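[1] have a look at this prediction, sequence included:
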Amino acid sequence: METPGLVVHGEAAPFSTALRSLLNNPQYSDVCFVVGQERQEVFAHRCLLACRCNFFQRLLGPKLGSGMPSPVVLSTVPAEAFLAVLEFLYTNSVRLHRHSTLVSFLLLLMGSDHTLPHTHSGLERNVFQHRSSFHFCSQLCLEFVVKVLDVELVCEALQVAVTFGLGPLQERCIAFIEAHSQEALRTRGFLELSAPALLSLLRSDKLRVDEAELVLAARSWARVGAAVLERPVAEVAAPVVRELRLALLAPAELSALEEQNQREPLIPVEQIVEAWKCHALRRGDAARGAPCRRRRGTLPREHHCFLDLPFK
């Protein structure tokens, strides 16, 4: 029986540093990517990408001929995110940063072959179609997102979670927004949420915001969507406004909303009628489909006493 040879392990840090020096280094590179709308050139090494990732193995194919092949154009991939992915492939680690770079990186890692839902920011289907190749790195990225959630990042992270069905991340984002509702509703990320992502928020009983503010926030969200998608405000708002709890508004507030709704349609007339029925009959269950459960941030109004509906 042959005696097994002695395995000698070198230090990991110098090895990683040496590989990192090859990252986006034109020396010895044999493939060039043209990345993002800015068409930034990124240099890489085919053998390393192919052995580390099945996607790149399929994308790059066998090397033909000599010299540098034609650049691979990835115009919809953010350059910073692409470089972060390469950093992980070269060194088995990655420096993650907050906000836009982080979210773009997560989108890149979690890409699928399903069409993404329309969001106001116009998320596009990206080039990475195979989740398994980046599963470990994507888990690290998800853990990092949860650790660094803040008001400016949380709505963007929620959109990613809803888009790709990341239940734990979605729950964490919603819980964060429930605790920081007013601040989150004022962010650009909130205005750029897709309808399914916004629905997940409006169905919560734990939002620390009054219903009147939620109506204003929904109108602002719909206006942005109408401008981006070139559709009427009421059409954009249709998937989400049913979750607004109009019966919680006082009669004067409901009248003001009705007048504004005539000038700029947002809420179906029958939904406003249902809210008036709750006031007229002095019962919260007067109209089916007219939600009137209090939220944590609901300000008290005189008529709430006859709704007699506790917090969930």
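    Here it is on my side, so go on.

[2] in this structure, which spans are strands?
    Counting by DSSP state E, the chain has strands at residues 31-35, 40-44, 72-74.

[3] tell me which of those sits most buried.
    For the strands of the chain, the largest average neighbour count (mean count of other C-beta atoms under 10 Å) is found in strand 31-35, namely a mean of 21. All C-beta spots, glycine's among them, are computed from the backbone N, C-alpha and C.

[4] by mean pLDDT, flag the weakest helix or strand of this protein.
    In the chain, the helix or strand scored least confidently by mean pLDDT, DSSP states H and E is helix 99-109, which has a mean of 55.

[5] ok so, going back, lowest-confidence stretch among the strands of the chain?
    Looking over the strands of the chain, mean pLDDT reaches its minimum on strand 72-74, with a mean of 85.

[6] what sits closest to the most centrally placed residue in the chain if chain neighbours are left out?
    The centroid of the chain falls nearest to Gln159 when counting by C-alpha atoms, centre = their mean (2.1 Å). Once its chain neighbours are removed from consideration, Gln159 has its nearest residue in Ala197; the separation is 5.1 Å (C-beta to C-beta, 6 or more residues apart in numbering).

[7] correct me if wrong: the one you found contacts Gly165.
    No: the criterion here is C-beta atoms under 8 Å, and Ala197 misses it with Gly165 at 12.0 Å.

[8] more neighbours, these two?
    Of the pair Ala197 and Gly165, Ala197 is the one with more neighbours under other C-beta atoms under 10 Å, namely 24 against 11.

[9] now that one: how far from Leu166?
    In this structure, Ala197 and Leu166 are 12 Å apart, going by C-beta to C-beta, to the nearest Å.

[10] what do you get for Val269?
    With the distance defined as C-beta to C-beta, Val269 ends up 37 Å from Leu166.

[11] could you do Arg52 as well?
    24 Å.

[12] repeat that for Cys278.
    Computed as C-beta to C-beta, the Cys278 to Leu166 distance reads 37 Å.

[13] out of these two, which sits in the busier spot?
    Set side by side, Cys278 and Leu166 show more neighbours around Cys278, with 23 against 20, by other C-beta under 10 Å.

[14] separation between the closest residue to the more buried one other than its chain neighbours and Arg293?
    If the residues on either side of it in the chain are set aside, Cys278 comes closest to Ala247, at 4.0 Å by C-beta to C-beta, 6+ apart. To Arg293, Ala247 is 9 Å away according to C-beta to C-beta.
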